[in-house]
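Novice: The amino acid sequence is not available; the structure is as follows:
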């Protein structure tokens, strides 16, 4: 009898333990760090290519430029910050040292710096001015430091790796908090015709020791990855996970892998989509910014496809953001506010065919609370979510977000709308969601929308569902 009682107690304990376990779903696969989550929530940042190339009109300098060429007559980094904030940017990344080796700060590791220029009689420091302006303006500060150096006499020798590490120590140790360290893998010839075998282990460890919260960009991270093109375009399938083993900056996987990521990849390395507002990366008077329609399209194909948008806006020879660029950015920001300022899902009710537990009900995807989400029933790898609006509404953009703290799970879904006769029609068929997915659909008038998650790597989650109408801005739905 005692044996039966003990068995019953054990079974009840196991049942209660299992129920408690289900109250909180566990993360699946690779998941982001808090720094990566905060980075992705920034959504859109400004890149500033600035240096001797600004004055020569070249994209890649040769390293032999006269330092006196660098002479911005009206440098005002607070103006950069003001423009970035008006555009909705959350941070600025500056080309502290491009491939020509010219340092925008008075580096002790080089004789090719602002110190040797006539600007401010050799006492200037662009990094100081920008980092202080960012802090004052409430923006985050990031740096691009190219390991390729066409000026350094030791480039192409083991000694140069130590020189570059000390260069990083200056940039990362003297200018306050850095939110992103931007590396590209460019590796051409130095002044002596030699190439460098980069010590990426040393470089990355230098960053992590001085700025442990910084997200490190390169072809393969480790913090975030290049999206594989300079059009600002992520793949329609875009996983935040990647298998980085066997690769390094400059020797990364092919464009398709960078563009789409790897389903179930071993590491969380989300995509960053870099593109310039002008045809080139450095300012040229003969070039002009992209149209608002082009920028909106880039936004939908970057932020709207689970990537962060890094939009290059190059300061001119005065050291200011050109008026036509700043005007275009304000127009772009206004367009986004018009498109996404009115969530047509307001007042909607939702139901799902399952839920993990009450606190993970589908209503959590409509409550506007970032700390809540819907999770499907334990063991379910699919789900159907129906959104019912208070009345028929017209939309052509559908926004979805997963709870990425639990990993990226959804691998395929369709969206359907109900017509006046009560028939359902498919209006989109897509794959990944991730941090944010904005799905362009044909202009649709409906009161009921259905999201069918047909394949998921673990129980699917939804953090937010939103409906929007692009208004005057034409949006082409993907076929």
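Specialist: Nice, I can see it. Remember, predicted model here, so these are calculated numbers, not experimental data.

Novice: give me the low-pLDDT residue ranges for the stretch 351-479 of the chain?
Specialist: Filtered on pLDDT under 70, the stretch 351-479 of the chain yields the residue ranges 476-479.

Novice: What are the boundaries of the strands in it?
Specialist: 374-375, 383-401, 410-418, 424-430, 437-456, 461-462, 464-468 (DSSP state E, counting those that start in this stretch).

Novice: right, and these - which one's nearest residue 94?
Specialist: Proximity to residue 94, assessed across those by Cβ to Cβ, is greatest for strand 437-456 (28.9 Å). Where C-beta positions appear, they are placed from N, C-alpha and C, glycine not excepted.

Novice: The closest one to strand 383-401, inter-axis angle?
Specialist: Relative orientation of strand 437-456 versus strand 383-401 (axes from the mean of the first three to the mean of the last three Cα atoms, to 10 degrees): 150 degrees.

Novice: and strand 437-456, what other elements does it pack with?
Specialist: Packed against strand 437-456 by the contact rule (3 or more Cβ pairs under 8 Å, 6 or more residues apart in numbering; DSSP states H and E) you find strand 383-401, strand 410-418, strand 424-430.

Novice: would you turn these into TSV with distance to residue 461?
Specialist: As requested, those are arranged in TSV below (distance: least, Cβ to Cβ, whole Å):
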stretch	distance to residue 461
strand 383-401	9
strand 410-418	8
strand 424-430	16
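
Novice: want to try CSV for the ones you listed, with mean neighbour count as columns?
Specialist: What follows is the helices and strands packed on strand 437-456, written out as CSV (neighbours: other Cβ atoms under 10 Å):
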stretch, mean neighbour count
strand 383-401, 18
strand 410-418, 20
strand 424-430, 16
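
Novice: Of those strands, which is nearest residue 112?
Specialist: Ranking these by proximity to residue 112 (Cβ to Cβ) places strand 383-401 first, at 45.7 Å.

Novice: Just the strands from the stretch 101-250 of the chain, written as ranges.
Specialist: If DSSP E, counting those that start in this stretch is used as the criterion, the strands of the stretch 101-250 of the chain fall at 140-145, 180-182, 215-218, 224-226, 241-242.

Novice: Quickly run through the sheet partners of the first one, with directions.
Specialist: Spelled out, that is strand 140-145. The pairing partners recorded for strand 140-145 under DSSP bridges are strand 91-97 (parallel), strand 180-182 (parallel).

Novice: Please apply the same query to the fourth one.
Specialist: Sheet pairing here is set by DSSP bridges, and for strand 224-226 it gives strand 215-218 (parallel), strand 271-276 (parallel).

Novice: Same list, the ones you listed, but as a markdown table with distance to residue 265 please.
Specialist: Listed next are these as a markdown table, based on distance: least, Cβ to Cβ, whole Å:
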| stretch | distance to residue 265 |
| --- | --- |
| strand 215-218 | 16 |
| strand 271-276 | 12 |
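
Novice: Please identify which of those strands is closest to residue 264.
Specialist: So among these, strand 271-276 is nearest, using Cβ to Cβ, at 16.2 Å.

Novice: could you give me the average pLDDT of that closest one?
Specialist: For strand 271-276, mean pLDDT rounds to 98.

Novice: If you count contacts, what does the next helix or strand after that strand end up packed against?
Specialist: Per DSSP states H and E, strand 271-276 leads on to helix 292-302 as the next helix or strand towards the C-terminus. Counting contacts by 3+ Cβ pairs under 8 Å, 6+ apart, helix 292-302 packs against strand 271-276, strand 307-312, helix 323-340.

Novice: show me what contacts the residue nearest in space to the middle of the chain?
Specialist: A centroid search over the chain (Cα atoms, centre = their mean) returns residue 308, at 2.0 Å, as the residue closest to the centre. Going by Cβ atoms under 8 Å, 6 or more residues apart in numbering, residue 308 touches 39, 40, 42, 43, 44, 45, 224, 270, 271, 272, 273, 302.

Novice: again, only using 6 Å
Specialist: Taking Cβ atoms under 6 Å, 6 or more residues apart in numbering, we find residue 308 in contact with 40, 272.

Novice: ok, it to residue 42 distance?
Specialist: From residue 308 across to residue 42, the span is 7 Å (Cβ to Cβ, to the nearest Å).

Novice: what's the answer for residue 213, then?
Specialist: From residue 213 across to residue 42, the span is 13 Å (Cβ to Cβ).

Novice: Find the nearest non-adjacent residue to residue 40, please.
Specialist: Among residues not flanking residue 40 along the chain, residue 435 sits closest, at 4.8 Å (Cβ to Cβ, 6 or more residues apart in numbering).

Novice: right, and that neighbour touches residue 404 too?
Specialist: Yes - look at residue 435 against residue 404 with Cβ atoms under 6 Å: they come within range, at 5.3 Å.

Novice: Find the nearest non-adjacent residue to residue 99, please.
Specialist: What sits nearest to residue 99 in space, not counting adjacent residues and going by Cβ to Cβ, 6+ apart, is residue 148, at 4.6 Å.

Novice: Now do the contacts for that neighbour.
Specialist: 99, 186, 187, 188.

Novice: Neighbour count, pLDDT and distance to residue 70 for the residues you listed - can I get that in CSV?
Specialist: Listed next are the contacts of residue 148 as CSV, based on neighbours: other Cβ atoms under 10 Å; pLDDT from 0 to 100; distance: Cβ to Cβ, whole Å:
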residue, neighbour count, pLDDT, distance to residue 70
99, 23, 97, 15
186, 13, 91, 21
187, 18, 93, 24
188, 12, 93, 21
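
Novice: Looking at these, which is nearest residue 287?
Specialist: residue 99 (20.1 Å).

Novice: picking that back up, please tabulate the strands paired with strand 140-145 in TSV, including the columns distance to residue 380.
Specialist: Compiled in TSV, the strands paired with strand 140-145 are given as follows (distance: least, Cβ to Cβ, whole Å):
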stretch	distance to residue 380
strand 91-97	38
strand 180-182	37
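
Novice: any chance of those in TSV, plus mean neighbour count and mean pLDDT?
Specialist: Output for these, formatted as TSV (neighbours: other Cβ atoms under 10 Å; pLDDT from 0 to 100):
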stretch	mean neighbour count	mean pLDDT
strand 91-97	26	98
strand 180-182	26	98
